[in-house]
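[1] Next comes the sequence, and after it the predicted model I'd like to discuss.
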There are 6 protein chains.
Amino acid sequence: MAREHDVVTLGETMIRLSPPSFQRLEQATSLEMRVGGAELNVAVGVARLGLRSAWLSKLPENPLGRLAANKAREQGVDVSHVVWTKGERMGLYFVEFGAQPRASSVVYDRADSAISKMKPGDFDWGAIFSKARVFHVSGITPALGESCAEATLEAARAAKNAGCVVSVDVNYRAKLWSEEEANRVMTALMGSTDLLITTEEDTKRVFKIEGADYREVARELQKKFGLKAVAITLRETVSVWRNRWSAFAVVGDEVYEAPTYEVEVVDRLGAGDSFTAGFLWGYLQDDVAKGVAYGTAFSALKHSMPGDFHWGTLAEVEKLAEGGGLRIER
Amino acid sequence: MAREHDVVTLGETMIRLSPPSFQRLEQATSLEMRVGGAELNVAVGVARLGLRSAWLSKLPENPLGRLAANKAREQGVDVSHVVWTKGERMGLYFVEFGAQPRASSVVYDRADSAISKMKPGDFDWGAIFSKARVFHVSGITPALGESCAEATLEAARAAKNAGCVVSVDVNYRAKLWSEEEANRVMTALMGSTDLLITTEEDTKRVFKIEGADYREVARELQKKFGLKAVAITLRETVSVWRNRWSAFAVVGDEVYEAPTYEVEVVDRLGAGDSFTAGFLWGYLQDDVAKGVAYGTAFSALKHSMPGDFHWGTLAEVEKLAEGGGLRIER
Amino acid sequence: MAREHDVVTLGETMIRLSPPSFQRLEQATSLEMRVGGAELNVAVGVARLGLRSAWLSKLPENPLGRLAANKAREQGVDVSHVVWTKGERMGLYFVEFGAQPRASSVVYDRADSAISKMKPGDFDWGAIFSKARVFHVSGITPALGESCAEATLEAARAAKNAGCVVSVDVNYRAKLWSEEEANRVMTALMGSTDLLITTEEDTKRVFKIEGADYREVARELQKKFGLKAVAITLRETVSVWRNRWSAFAVVGDEVYEAPTYEVEVVDRLGAGDSFTAGFLWGYLQDDVAKGVAYGTAFSALKHSMPGDFHWGTLAEVEKLAEGGGLRIER
Amino acid sequence: MAREHDVVTLGETMIRLSPPSFQRLEQATSLEMRVGGAELNVAVGVARLGLRSAWLSKLPENPLGRLAANKAREQGVDVSHVVWTKGERMGLYFVEFGAQPRASSVVYDRADSAISKMKPGDFDWGAIFSKARVFHVSGITPALGESCAEATLEAARAAKNAGCVVSVDVNYRAKLWSEEEANRVMTALMGSTDLLITTEEDTKRVFKIEGADYREVARELQKKFGLKAVAITLRETVSVWRNRWSAFAVVGDEVYEAPTYEVEVVDRLGAGDSFTAGFLWGYLQDDVAKGVAYGTAFSALKHSMPGDFHWGTLAEVEKLAEGGGLRIER
Amino acid sequence: MAREHDVVTLGETMIRLSPPSFQRLEQATSLEMRVGGAELNVAVGVARLGLRSAWLSKLPENPLGRLAANKAREQGVDVSHVVWTKGERMGLYFVEFGAQPRASSVVYDRADSAISKMKPGDFDWGAIFSKARVFHVSGITPALGESCAEATLEAARAAKNAGCVVSVDVNYRAKLWSEEEANRVMTALMGSTDLLITTEEDTKRVFKIEGADYREVARELQKKFGLKAVAITLRETVSVWRNRWSAFAVVGDEVYEAPTYEVEVVDRLGAGDSFTAGFLWGYLQDDVAKGVAYGTAFSALKHSMPGDFHWGTLAEVEKLAEGGGLRIER
Amino acid sequence: MAREHDVVTLGETMIRLSPPSFQRLEQATSLEMRVGGAELNVAVGVARLGLRSAWLSKLPENPLGRLAANKAREQGVDVSHVVWTKGERMGLYFVEFGAQPRASSVVYDRADSAISKMKPGDFDWGAIFSKARVFHVSGITPALGESCAEATLEAARAAKNAGCVVSVDVNYRAKLWSEEEANRVMTALMGSTDLLITTEEDTKRVFKIEGADYREVARELQKKFGLKAVAITLRETVSVWRNRWSAFAVVGDEVYEAPTYEVEVVDRLGAGDSFTAGFLWGYLQDDVAKGVAYGTAFSALKHSMPGDFHWGTLAEVEKLAEGGGLRIER
């Protein structure tokens, strides 16, 4: 039976408010409003690449909740499984864009959001996952609260049982939970996980695995948790406006490496999620090499676009991955 | 001994976010950011009129908290008594501006703000009020929570004891508390109150006093609570963009009436607070007639200015109150 | 079997570009970009009211074409039946907002759009309409070209055959075709039509039916074309910024009349389409009275929102239709 | 010999800075920048109506000076006679847009502008006026300083000698000179004047002529100064956003009256200058009736356009003057 | 006899619409509107440098056509020879600004523009060129259609006959014609050409001449077509935001080389046209060395200015060409 | 006795108007409005770092004058000693932001500002400085006019007499005075100076002291004028968008050096003033090493913020000075 969704993701999306033109929040008189959140970013990314995706969350029945659903839908993400609540709030975050030596920074105002009240049983996992090929979640979702952690584990197990590939991005957020809590929950989550996407930094903080050779770190994760694949993204922060970006994946005994992209940074939020989207796109075609290559190219492109979401096309990724130039096309 | 502040107010200020150009929140991509809150609006108003004012509140030590203090200070309001907290949040509200037949509307996201955690003892009332002439608070402050109600009553009693004039605006907010709760707390507050500012609607809902003749309503309030003065503002909503606005006050046996202004509405938030500011300005000069006249003119002008704050001058109020025209001056 | 879509519409959507703040095009340095088109506006309207709608069109596979589909999807409209083309263009229109005595005006640049090349056979009408309850189209779609007229007639017949209610809005556009052409095609279209929505002006120009009593005009239309229902919207242009707006419908022997709304005009484009949406919403509940009442309230509200689309909710319509006030809610 | 310019005007143009969206200057963080000045406004107006105009002034050789010339040129006004200076400044003015009961207001910062240093001999009047049909100046130009008054009188005499029609708009500015000074200079100027454009208010302040019947006032001016024509514009300020606007002219024994227009006011600056432009346009066709009718329609339209300049077309004036409606054209 | 225009150019100008702040078109809600087109850009450039220029084109008589003429006029370009048409459209193009590794890109919507209908005989070449010193056109003009190619050849021949210097920029646009078509028409055009401006890339694609040594390529062009001068601009795309830019010219046996400028790219559209403007400015002074030096400096500066047009001054070019620094002047 | 102000500064603040997005003034239609001026920038900087500062100036009693005071107050600067005048003007400056090879540039319109009329006796220096710890002024204040020079010298002497540390920033402005005038006045000012902040360039132009070793230059200044400390800031302009920034100070026999920061330049105006603020902050703690280190870090951060003012916090300086990274915090 054909499955309705290629990728289903679960997580929080917040209203994202940012002062324009490198202003600090204190000097701003207007804020640009967008929405963003790791798992929705992934769902958007795979939809941009032509796959069918759905995003699961809880949203308040008010203009801000509708805004979040609208923006997901605008990008082609199915939001029909979103649970609507009364009287809860949307989480918010405020982004200040920096310039060397001032890093960009984020102020969160996400406590008590509708999704942070998620608990086991809120979604009919069986019905949802029986029609999906991949379930993806990041470490942010279980970090939103104890009942969120339980619901995330429940979801991952249900997805596994339903025959989905389970994909997890570590995405450690120190403002949400301690390294110890993260270690406990993420280790449990690994029991149902097939694909792990992470960074060297997150691996060290959450799983206490580190090493000079990132490939060795990936292999150790792979072995420890019996994972099908481990992908690690690599960022070098040359300056705030200029980064180098790459990734690789270890699958079985193979290592797949992407080239390194020089990126001029318009907005790096969501770049990691774009890698995940591209990686899953390749994985679902049984072409991990392409997943790594296109995921890296797709996420390199993301840095050039304002907002958490990717607004590119598969044709653009193909062109870049195959060495397209920087001349204006006309 | 000269008192340092003419007017001290106590209350919440929120970050105010509004879509430009009559957009609905769902269609906006940017929001105008200002700050506003009834008692700060009053402190700003009296400062614009040349008096010395201070505003008491609790603010989180983060960019949004600093923003609120900055904006008060910009207008000349003393914020040196603000209590700064760690880890709390600022309340927010979202304003959609309407057009007939769609009323303007407000979505609040104010739960768990720093000030909502206010409790008795948070401020050194004695030290503060010994240097003040008037203490003003509205019914929103006690509505923020039970401990806020206690702290407000404590403040009013302390102000009274310190020889301040105590001024209260009923400002009933159905989203914050029930009419019964409001009745109980506001009645208690009346025990320390000298000046009451209200509307016919709020009087009916909170004190269950109503009548065809608003002057009678005012007198009944005056008598029931032993008040020095009762002022009532009168709004006729001809359309969303066009209102009629007036006020009167009952002091002892006298009734002071202001003319009715036709107003073209740019932003009516804070108009009532501007009346209070002008009324207190007159009251502090022992000229209630001028307080009513200038308060009404000052608040009529407020409707023409974006944001909760008043940005006019005493000279402008004088000119309007004395019948200034609408020709461009040049 | 439950039908998948409550309303399916067919027509052009254009990129809409408008100078902000009442500027003329010649003085503008930026343009606000939205999308709009009569039939998509209707599909959006019914989706806002909670129904399931789909929109049929042809779009070029480029950023502007994707933009149009995105914006439809954002509002919950199904665009999975849109036909994507290579090398065609999107139609554009430029809107200048006026102020008495300068009317708002529209400059079209819509020739050779992808949808204007529509021809019979482009869509699988049978498959589409077998799952739909209503098919709606306006007189603009057949006016886009001879083959568009043929395809529109084909669609209406197919819808009728598939058991759909066929709804038509006359929407005469003098810049697209002559009154004679419109008369010929629209008369043919009436052969498959159940519900007709029109204005007194359009009826006179297209069907040459006029009269002092609009109810008589409606009845004459009803009789002449054997229609189930005829609805007529009524606009009085008091000034550019102030209109009066109402509507009525004749169904069988009954006349259903809506109250007249005073409207402050932010943007009147799409108001008629919002009426259609509300009317169909009521019709699909077998409650024509509610359709007229809610359709009129829904379209009165539309005037207060920038853009062709409606961004309101069923709750807002209900409140207005039941006499809600203009006070700020808080 | 055909004359190169239909209308030549002489005067100051300033950089005009205005806060958007009804903000007060104190609360603004950005200002809209345009240019404007009575005589350039007239030159622009006649160019929009299809005539050939030139504008005479002194401008500093810096970006702001160039900006003023650019904007004149953009509208088709010949600036080749402008005198460029080193080290002088452009005058500026700041406009705050109001709403009832707050009138719009202007703050000038125009002292020591390049043009205020104008003196007799700065322009080669003979060469310029020998190729012109009309010379127009307003009372602002001589008010800029004593030497400006002298130069203006020199210009008017030269124009008269060269066979030009001399047109003068009283345009009294109390911030620039006293009524006594204005009376002295403007009376002298009347010696070379053919056409006088004024308001009832300015006539009273400058020429001390008043009366209940404006037509009588016009006739008195006509007789006293031996003028060919006197035109008076009539504004009724219903509210800041709503005015009534009309005009009439007395030529010989005839009175030509325009209808009264209801205007929704976007920006009334420059409206009087648009009347002058339209009036001169008619006068140059020897059709004063049309000049009054079209001048009034043209200036009524001006109120709907942001900035001092008119951005309309002759076709639009024709349509309005002949009773065009307010429906959106499409 | 003194010639009225130093440089006359012929070509299309389009409305240029671009999303602000690196947004993709799909995510934009407003577009910045400017105008641009290779030959008008050149006419503007030479006017900025102090020469007298005219631009020839066909424009529709509507607000967008007027906008194009206005913007040319604003910069001092004579548009009195523009041919105005009824019912045609303006071409448009949409520019997305990129960041490494996403190149900036252009989406054209230029089919069926008024100028694309140009044909021989539309302009009175004899009258126009008898008063001009240089005629300049780029390869875009003949690429707009077969009749445009014919008219361009006609114009070049007429210019040559009238004693003008004929200047041609290859400007190959693959979206408009094939390399074969370009080769045929451009080769014919070379028969009347004196000055050729090109890039290494365009030379290869259109004339099939290439080589490692660009100077040799230039000499080969010079010899093959009997040209007085060949100038080649050289761009190194270090990244999207950072380019290196230079140029050289071969005149007779001499090679004139400009220094290489590091440029931070705000907007590179029109940079090549600015080189042409500066080169012609020098050529018209019989100082090719200065033409190359100033042309390169002028175009290097262009990269720092938004829009296709140059907004600099001769003084700025002089300062840069003579080694001016980057300190803020104050 | 505790002194009320840590730092008191004296100088002009202007309205700062700048076109957004790298536009030239000639192409702008809106200007961003801020305020700035060297000495107010310093007062703001020390207030941001937690000290108590006051700013002395003369301001016109109009909206622009109030704006300047508001913005100072917003940042916590005491403006109660500002002298308000009638009929004077605010100075203005226009900033164009550049990109390599176009430097950013400033156009001043500051003649005849209220503060330029300052003369000895305008302020009660004794009362002011008796409550202050540091008096700071830059070379701009005496450059505003002869009487300003006299008043500045009077102020410095009074400050010295009152026991204040006197701090002077050379800040040479060639547009305000000649090197000779500057030499004469600044040399006289050195007689009352304790701390000198300068650049290598300004030292050469004003004091005619230069040398390959900047440390030697500093020592020579120190010795010549008997200064307690000399600080020199060092800027390397790699490109317009990329600078290197450092500083050092010589105090007694010690040299304190800061690291060099790579800065991405959003807005470099006010950076030197931020160094002064940080340096004074350290000096007032008797920790010159920290003053140099934090001053340099604070001013490096300034480059990333739009406007002349600093909007950072002490915590941010600490983090940077101690080697904080560029990762987004979350």
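    Nice, thanks for sending it over. Residues are numbered from 1 along each chain as shown, chains lettered A, B, ... in the order given.

[2] Assign residue A:295 to helix, strand or coil.
    At residue A:295 the chain is in helix, as set by DSSP: H, G, I helix; E, B strand; the rest coil.

[3] Distance of it relative to chain B?
    Going from residue A:295 to chain B by Cβ to the nearest Cβ, to the nearest Å gives 28 Å. C-beta: built from backbone N, CA, C; applies to glycine.

[4] List the residues that contact that residue.
    The contact partners of residue A:295, taken as Cβ atoms under 8 Å, 6 or more residues apart in numbering or on different chains, are A:231, A:247, A:258, A:274, A:275, A:276, A:277, A:278, A:279, A:281, A:282.

[5] can you check residue A:280 too?
    Residue A:280 neighbours (Cβ under 8 Å, 6+ apart): A:6, A:7, A:42, A:46, A:51, A:134, A:136, A:167, A:195, A:291.

[6] Keep only those of these that are in strands.
    Counting by DSSP state E, the part of these found in strands is A:6, A:7, A:134, A:136, A:167, A:195.

[7] which one among those residues gets closest to chain D?
    Nearest to chain D among these, counting by Cβ to the nearest Cβ, is residue A:136 at 41.8 Å.

[8] Is the closest one bridged to anything, and to what?
    Applying DSSP bridges to residue A:136 yields these beta-bridge partners: residue A:9, residue A:167.

[9] how much space is there between it and residue A:292?
    Distance, residue A:136 to residue A:292, by Cβ to Cβ, to the nearest Å: 17 Å.

[10] What about the residue of chain A found nearest chain D, how many residues nearby?
    The nearest approach of chain A to chain D comes at residue A:29, 4.8 Å away (Cβ to the nearest Cβ). If you count neighbours by other Cβ atoms under 10 Å in any protein chain shown, residue A:29 ends up with 16.

[11] wait, what's in contact with the residue nearest to it when sequence neighbours are not counted?
    Among residues not flanking residue A:29 along the chain, residue D:29 sits closest, at 4.8 Å (Cβ to Cβ, 6 or more residues apart in numbering or on different chains). With contact set as Cβ under 8 Å, 6+ apart, residue D:29 has these partners: A:29, F:32, F:33, F:34.

[12] ok now do the nearest residue to residue A:228 once chain neighbours are set aside, which residues does it touch?
    Spatially, and ignoring its direct neighbours in sequence, residue A:228 is nearest to residue A:194 (4.5 Å; Cβ to Cβ, 6+ apart). Applying Cβ under 8 Å, 6+ apart to residue A:194 gives the contacts A:165, A:166, A:167, A:227, A:228, A:229.

[13] please redo it, this time with the cut-off set to 7 Å
    Applying Cβ atoms under 7 Å, 6 or more residues apart in numbering or on different chains, we find residue A:194 in contact with A:165, A:166, A:167, A:227, A:228.

[14] what is residue A:231 paired to in the beta sheet?
    Beta-bridge pairing of residue A:231 under DSSP bridges involves residue A:197, residue A:249.

[15] what's it in contact with, if anything?
    By Cβ under 7 Å, 6+ apart, the contact set of residue A:231 is A:197, A:247, A:249, A:279, A:292.

[16] would JSON lines of the residues you listed with pLDDT and neighbour count be doable?
    As requested, the contacts of residue A:231 are exported to JSON lines (pLDDT from 0 to 100; neighbours: other Cβ atoms under 10 Å in any protein chain shown):
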{"residue": "A:197", "pLDDT": "98", "neighbour count": "27"}
{"residue": "A:247", "pLDDT": "98", "neighbour count": "30"}
{"residue": "A:249", "pLDDT": "98", "neighbour count": "28"}
{"residue": "A:279", "pLDDT": "98", "neighbour count": "34"}
{"residue": "A:292", "pLDDT": "98", "neighbour count": "26"}
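
[17] nearest to residue C:119, of those?
    Using Cβ to Cβ, residue A:279 comes nearest to residue C:119 of the contacts of residue A:231, at 42.6 Å.

[18] is it true that that closest one lies in a strand?
    No. With three-state DSSP as the criterion, residue A:279 is helix rather than part of a strand.

[19] For chain C, what's its nearest residue on chain A.
    With Cβ to the nearest Cβ as the measure, residue A:74 is the residue of chain A nearest to chain C, at 3.7 Å.
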